[in-house]
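Visitor: Predicted model follows, preceded by the sequence.
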Amino acid sequence: MYTAFFGFAERPFDLTPNPKFLFLAPGHDEALSTLRLGLSTYSGLTLLLGEAGTGKTTLVHAALAELNEDSHTQVEAVLLSNPTLTREEFYEFLAESFDLGIEAGASKTRFLFALRKHLQEQHDRGRRTALLLDEAQSLPYELLEEVRLLSNLETDTVKLLNVVLAGQPELAGRLNEPNLRQLKQRIALRCELAPFNLSHTASYIAGRIRVAGGTPMNVFTREAISAIFAASGGLPRVINVICQNALIGGFAAQVRPVSRAIVEEVCRDFDVRSGPHLERVNDDQEAGATTSAGESESPARTESKPSQGSSIFGIVNRRSRTSFF
């Protein structure tokens, strides 16, 4: 549709969690490192938190892709993306995913015996085993309790099953409830994703355009990028929705690069309004951005507001060689 018009080899803003388009702002980089550690060592429980649309699922898929590519890691990982299951369905899913046999899925007792044997065999072969639960804020209380009990599978020295809980901030609130205190106490690693600031938003959009085969300055104007950030609040999923539809609008109007007016029209059509955390994101500019020479700047805070008569993108350009233009 619009791919040839903008010079893309593929669509850059699909909503699927494709690790090929992974962009690591500092907080995302730290979270990915935490996931790597939680999956490749005997860590037990790892908690990944982030608002809807901050990229949790993409990071989980990226971590799994890395593990599958690394022959030295030796991790058997199972991902559950829809955790709104009954207890029986949960154990049936695990029995199938860990290839424990049909009988194991029909009885919790048989399942626990089969799983314990499987985990011990994996450990004896030098392999780790991990269970990743995406959208974990939707887990019923009875399954959160089952997760806690599964995390108790261990030897005298190591945890036999690593568990990653990835969810929205409501999950942290649930874990503070008295009846879940035992689960919270077992969390060994914890990380949280924040929305992008303006510099990261520009770099994120530019990076996806380049991966798709395009040239950023031929796709969006600076004013359009500023409008995308203002409307999205730096949430990657919302950025993708706005960019995807702005490209469709630009193609329909035969406008290249896409203008601010087209972006604002898309935002009106989708009823996208400025994120509630926009001021905090805008003021939280990265202190250690990479300079054009590839060296880190001083960690001192840099004023993020433009001086009179200057473009906010001028600040982005001076701060990071990975900015949009």
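Guide: That came through fine. Numbering: from 1, shown residues only.
Visitor: so how far is the helix or strand that residue 29 is a member of from its chain's centroid?
Guide: Assigned by DSSP states H and E, residue 29 belongs to helix 26-40. Per CA atoms, centre = their mean, to the nearest Å, the displacement of helix 26-40 from the mean C-alpha position of its chain is 10 Å.
Visitor: just stretch 224-241 next, same as before
Guide: Between the mean C-alpha location of stretch 224-241 and the chain-wide mean there is a distance of 16 Å, by CA atoms, centre = their mean.
Visitor: What is the end-to-end distance of it?
Guide: End-to-end distance of stretch 224-241 (CA to CA, to the nearest Å): 14 Å.
Visitor: Ok, stretch 224-239 next?
Guide: Using CA to CA, the end-to-end distance of stretch 224-239 comes to 12 Å.
Visitor: returning to that earlier point: now the helix holding residue 29: mean pLDDT?
Guide: Regarding helix 26-40, the rounded mean pLDDT is 92.
Visitor: Let's see that helix as CSV, backbone CA atoms only.
Guide: Coordinates of each C-alpha in helix 26-40 appear next as CSV, following Å, rounded to 0.1, in the frame of the first residue of the first chain:
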residue,chain,number,x,y,z
PRO,A,26,18.3,3.2,28.8
GLY,A,27,15.4,1.8,30.9
HIS,A,28,14.5,-0.8,28.3
ASP,A,29,18.2,-1.8,28.0
GLU,A,30,18.3,-2.4,31.8
ALA,A,31,15.0,-4.3,31.7
LEU,A,32,16.3,-6.6,28.9
SER,A,33,19.5,-7.3,30.9
THR,A,34,17.3,-8.2,33.9
LEU,A,35,15.2,-10.5,31.8
ARG,A,36,18.4,-12.2,30.5
LEU,A,37,19.6,-12.7,34.0
GLY,A,38,16.3,-14.0,35.2
LEU,A,39,16.1,-16.5,32.4
SER,A,40,19.6,-17.7,32.1
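Visitor: For it, which residues meet the burial criterion?
Guide: Using 16 or more other CB atoms under 10 Å as the test for burial, helix 26-40 gives 27-28, 31-32, 34-40. Any C-beta I mention is one placed from the backbone N, CA and C, and that applies to glycine too.
Visitor: so what does that helix touch, helix or strand wise?
Guide: Judged by 3 or more CB pairs under 8 Å, 6 or more residues apart in numbering; DSSP states H and E, helix 26-40 is in contact with strand 45-50, helix 56-69, strand 75-80, strand 128-133, strand 162-167, strand 187-193.
Visitor: The first one versus strand 162-167: what angle between them?
Guide: An angle of 20 degrees separates the directions of strand 45-50 and strand 162-167 when computed by axes from the mean of the first three to the mean of the last three CA atoms, to 10 degrees.
Visitor: and the angle for strand 45-50 with helix 26-40?
Guide: Compare the direction of strand 45-50 with that of helix 26-40 by the same axes, to 10 degrees and you get 160 degrees.
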